[in-house]
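Student: Need a 3D model of the sequence below.
(2 chains)
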Amino acid sequence: EDQVTQSPEALRLQEGESSSLNCSYTVSGLRGLFWYRQDPGKGPEFLFTLYSAGEEKEKERLKATLTKKESFLHITAPKPEDSATYLCAVGTGNQFYFGTGTSLTVIP
Amino acid sequence: NAGVTQTPKFRILKIGQSMTLQCAQDMNHNYMYWYRQDPGMGLKLIYYSVGAGITDKGEVPNGYNVSRSTTEDFPLRLELAAPSQTSVYFCASSFSEVYGYTFGSGTRLTVV
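Tutor: Numbering: from 1, shown residues only, chains lettered A, B, ... in the order given. Predicted coordinates:
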C-alpha cells in the first residue's frame, strides 16, 4: 500500500537553530515528490517539486533533497516567520498522497 | 491574478441537507482536484478532473459528486449531508499531474 510518513509531528526551534524535517514514502512509480507550506486557516502553498533521487532544490532558508526512500526539508537559521505546517506529497499516476505534516514553531 | 477561488469560506449544514462548494481558477489549468483535510489525517483526495467533461474518483468519493463543464469551474456537490462530512475542503489546480498544485483558501464545513 502506498504510504507517506512525515516526522517529527511537531518541532520547536530557537531562532537560528537549523534542523531537518523528514518525509519517507513507499509508493510504486514515483512521478514526483512535493513540499508545501500551510499557515493556519489557509490552503497549502507550493514550495518544491523533486523528480529523481539525488535532486536538490533551494529557496531562501529551505533546501529539499530526495533519495529513493525519503526526502528531507532542511531549514537553515530559521526565523519566526518560518513557523507553519510543512506537508509533503508524492505523486504516482494521477493520484497524490499527502503526509500528515510537521508543525514547525520557531521561537524568537 | 486570483488563482483558485473557493466559496463559501464557512458553512453550517443540518444533517440531510445538500449544498454545492464552488471552485474557480483563472490559470487555464486542465487539472483540478478536491481534497478534504481532517485533523491528524492529512489531505485526502475526493475527486479530480483532467479536463472539461472528464472526472474521476479519488480516495474518498462516497457522499460527493462533481462536474466539470468548463476549464475554469469544478463544483463539489454534497447530497444528504452527514456529520462525517464535517471537514475543511480544499480545491486545487495544476498544469499537469507532475506540477505543484495551487490551492484555494478552503471551505470550513460543519454538519450538525
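
Student: Quick check, pLDDT for the closest residue in space to A:Gln6 that isn't next to it in sequence.
Tutor: Nearest non-adjacent residue to A:Gln6, counting by C-beta to C-beta, 6 or more residues apart in numbering or on different chains: A:Gly99, 3.8 Å away. Bear in mind the C-beta positions are built from the backbone N, C-alpha and C, glycine included. A:Gly99 is assigned 94 on the pLDDT scale.

Student: Next, count neighbours for A:Gly99.
Tutor: The number of residues packed around A:Gly99, counting by other C-beta atoms under 10 Å in any protein chain shown, is 25.

Student: check contacts around it.
Tutor: By C-beta atoms under 8 Å, 6 or more residues apart in numbering or on different chains, the contact set of A:Gly99 is A:4-6, A:23, A:87-89, B:42.

Student: In those residues, which has the lowest confidence score?
Tutor: Going through these one by one, the lowest pLDDT turns up at B:Gly42, 86.

Student: Quick check: the gap between that one and chain A.
Tutor: In this view, B:Gly42 and chain A are 4 Å apart by C-beta to the nearest C-beta, to the nearest Å.

Student: For that residue, give me phi and psi.
Tutor: The phi and psi values for B:Gly42, taken as degrees, to the nearest 10, are phi 80, psi 170.

Student: where do the strands sit along chain B?
Tutor: Taking DSSP state E to define them, one finds strands in chain B at B:4-7, B:10-13, B:19-25, B:31-38, B:42-51, B:54-57, B:64-66, B:76-78, B:87-94, B:102-103, B:107-111.

Student: From the chain's centroid, how far away is the lowest-mean-pLDDT helix or strand in chain A?
Tutor: When the helices and strands of chain A are scored by mean pLDDT, DSSP states H and E, strand A:95-98 comes last with a mean of 84. Centroid separation for strand A:95-98 versus its chain: 14 Å, with C-alpha atoms, centre = their mean, to the nearest Å.

Student: how about it as PDB, C-alpha atoms only?
Tutor: What follows is strand A:95-98, C-alpha atoms only, in PDB (Å, rounded to 0.1, in the frame of the first residue of the first chain):
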ATOM      1  CA  GLN A  95      -3.000  10.200  -7.600                       C
ATOM      2  CA  PHE A  96      -1.300  12.300  -4.900                       C
ATOM      3  CA  TYR A  97      -0.700  11.000  -1.400                       C
ATOM      4  CA  PHE A  98      -0.100  13.600   1.300                       C
END
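
Student: returning to what we had before: got the phi/psi numbers for the residue nearest to A:Gln6?
Tutor: According to degrees, to the nearest 10, A:Gly99 has phi -80, psi 170.

Student: Kindly report the same for A:Glu81.
Tutor: phi -70, psi -10.

Student: If anything else comes up later, I'll come back, but that's it for now.
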